[in-house]
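> next comes the sequence, and after it the predicted model I'd like to discuss.
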Amino acid sequence: MDIDEFMLSYKRAWETSDEHLLASLFAPDGVYRNTPFAEQRGHAAIAAYWQRVKLQADIHLTFEVLART
C-alpha cells in the first residue's frame, strides 16, 4: 500500500467512523498513538479506542502528501 492509498483509507475511516477499517491499516501488533502519552497496541485495542470516534459527527478530513520515499 502506498501513502496515497493509506491516506485515502485513513480519511474514509475517520469520515465513516469505521474502527475496523482504521485497525486494518496497521500491522496486527501495530501501535496507534493518539497523544505522546497514550498508545493502543494491536487491532483489538485500536478498534476499541476508535469507538470514541462514533461520538463525533460531520467529520471531514483533508490532507496533502508532502513527500514520498
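All right, it came through fine.
> which element is D29 on?
Counting by DSSP states H and E, no helix or strand carries D29.
> count the residues that sit near it.
By the criterion of other CB atoms under 10 Å, D29 has 8 neighbours. To be clear about C-beta, it is placed using only N, CA and C from the backbone, and glycine gets the same treatment.
> for it, which non-adjacent residue is closest in space?
G42 (5.6 Å; CB to CB, 6 or more residues apart in numbering).
> quick check: that neighbour vs H20, distance?
13 Å (CB to CB, to the nearest Å).
> Y49 and H20, how far apart?
Taking CB to CB as the measure, Y49 falls 13 Å from H20.
> follow-up on the earlier one: test my guess that the residue nearest to D29 contacts P28.
Yes: contact criterion CB atoms under 8 Å: G42 and P28 qualify, at 6.5 Å.
> neighbour count winner among these two?
For G42 and P28, the more surrounded residue by other CB under 10 Å is G42, and the numbers stand at 16 against 9.
> quick one: contacts for the more buried one?
Listed by CB atoms under 8 Å, 6 or more residues apart in numbering, the contact partners of G42 are 28-30.
> that concludes my questions; thank you for your assistance.
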